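Peer 1: the following comprises the amino acid sequence and a computationally predicted model.
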Amino acid sequence: MDPDRCLDLSKAELDALLNYLELDEFDRWKTGWSDLGAAEIGRDLWAEGTAADWLWCLALPLLSSAQAQPLGQRQLIGLSALPGCGKTTLGNWLEAAAVRFGISLSVVSIDDFYLEAAAMEPAMAGNPWSVPRALPGSHDLQLMQDRIAAWKSGQCVELPMFDKALRDGHGDRCGWRRCDSECLVLEGWFLGCNPLSEGSALDMGSEHLNPELNTDERDYRKIVQARLHDYKPIWNAIDTLWQLAAPDLNAPVLWKRQQNETQKTDRGVGLPDQELKGFIRMITASIPANCFRIDQADVVISVDLERRLRQLQVRS
């Protein structure tokens with residue numbers, strides 16, 4: 001990343017964001033962070049060629065929001081983005097920068113709350129994409145609710161960790177970590193998605209699919225829709241929701257493949273091609289496109305196929 005490159009997002013959009021966050025005007029705010037050396041922190045964490053907007057228009061505004069949080073008032077920030085978009089990289093940078101600046105912030109994925117292997121297999125049995133995880137219904141929702149509620153009450157909690165490289169790429173729980181941070185960022189690929197309104201056709205929001213939605217996929221969408229209802233208590237606990245929205249809902253076809261190749265390079269384990277195809281099809285077909293128009297999102301940033309941030313809207 002070159003932090004000095006011109007930004008794709010306009011100054012008016014950024015001023016609107018900082019105004020929403022009750023922060024300084026963009027130029028003065030940016031100068032303040034530059035003087036602190038923020039642009040030099042964790043540069044190796046960003047993928048080569050990452051646009052500077054990820055730092056100045058997303059990562060540092062999120063960090064500033066956590067920094068401005070009143071002492072003793074815990075804040076749960078939601079971050080919703082399709083798989084492979086860059087959520088994990090962003091989370092790694094946020095945690096590294098938070099340590100450097102003494103900001104009490106941690107990042108956790110809803111994927112860390114995946115069911116353990118013994119419970120995951122029956123929960124995912126029969127899905128038409130043969131995926132071992134990732135669908136609504138693959139998470140331990142009671143554990144997630146309990147830990148978030150305990151954390152918001154001021155307790156230090158143990159959060160689960162999930163390693164996707166275990167079990168030949170099928171993944172499994174790999175331990176626990178303590179969290180008593182004042183700000184917690186919760187990220188996930190369908191975070192904030194609500195089920196379709198009653199009476200809506202199950203095949204709506206499928207225009208982007210090639211091949212078209214088949215009968216088995218349409219039938220399984222009914223199961224997914226029912227399971228999305230179960231996530232509402234989690235979504236309702238979120239104080240502020242940020243969404244990285246992909247106007248092209250076929251973006252995961254590219255992003256997930258790139259992510260899988262990176263995992264093979266870094267960890268030596270990735271999904272075989274046929275399983276990867278199943279994951280990609282599940283991501284694009286299991287939840288109607290309409291569900292990703294998250295009305296309760298406070299900040300929505302459009303991301304193009306090259307993962308460049310193209311438009312920013314503050315909806316509050």
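Peer 2: Yep, it's here. Residues are numbered from 1 along each chain as shown.

Peer 1: what residue, apart from its backbone neighbours, is nearest Ala98 spatially?
Peer 2: In space, and not counting its chain neighbours, Ala98 is closest to Leu105: 4.0 Å by Cβ to Cβ, 6 or more residues apart in numbering. For the C-beta atoms, the positions are set from N, CA and C on the backbone; glycine is no exception.

Peer 1: low-confidence stretches in the stretch 201-316 of the chain?
Peer 2: Scanning the stretch 201-316 of the chain for pLDDT under 70 picks out the ranges 263-271, 316.

Peer 1: please, where are all the helices along it?
Peer 2: Using DSSP state H, counting those that start in this stretch, the helices of the stretch 201-316 of the chain run over 215-230, 232-237, 251-267, 273-285.

Peer 1: for the stretch 51-200 of the chain, same thing?
Peer 2: Ranges of helices in the stretch 51-200 of the chain, per DSSP H, counting those that start in this stretch, are 53, 60-67, 87-101, 117-124, 141-152, 166-169.

Peer 1: can you redo those helices as JSON lines with distance to Trp189 and mean pLDDT?
Peer 2: Formatted as JSON lines, the helices of the stretch 51-200 of the chain follow (distance: least, Cβ to Cβ, whole Å; pLDDT from 0 to 100):
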{"stretch": "helix 53", "distance to Trp189": "21", "mean pLDDT": "97"}
{"stretch": "helix 60-67", "distance to Trp189": "18", "mean pLDDT": "96"}
{"stretch": "helix 87-101", "distance to Trp189": "8", "mean pLDDT": "96"}
{"stretch": "helix 117-124", "distance to Trp189": "16", "mean pLDDT": "92"}
{"stretch": "helix 141-152", "distance to Trp189": "15", "mean pLDDT": "98"}
{"stretch": "helix 166-169", "distance to Trp189": "17", "mean pLDDT": "75"}
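
Peer 1: closest to Arg293 out of these?
Peer 2: Nearest to Arg293, of all the helices of the stretch 51-200 of the chain, is helix 87-101, at 18.8 Å by Cβ to Cβ.

Peer 1: list the helices and strands the closest one packs on?
Peer 2: Here helix 87-101 touches helix 60-67, strand 75-81, strand 105-109, strand 183-188, going by 3 or more Cβ pairs under 8 Å, 6 or more residues apart in numbering; DSSP states H and E.

Peer 1: please redo it, this time with the cut-off set to 7 Å
Peer 2: Secondary-structure packing of helix 87-101 (3 or more Cβ pairs under 7 Å, 6 or more residues apart in numbering; DSSP states H and E): helix 60-67, strand 105-109, strand 183-188.

Peer 1: looking at those, which one is packed in the most?
Peer 2: Highest mean neighbour count of the helices and strands packed on helix 87-101: strand 183-188, a mean of 25 (counted as mean count of other Cβ atoms under 10 Å).

Peer 1: what packs against it?
Peer 2: Under the contact criterion of 3+ Cβ pairs under 7 Å, 6+ apart, strand 183-188 touches strand 75-81, helix 87-101, strand 105-109.

Peer 1: so which of the ones you listed is nearest Gly49?
Peer 2: Among those, the nearest to Gly49 by Cβ to Cβ is helix 87-101 (12.3 Å).
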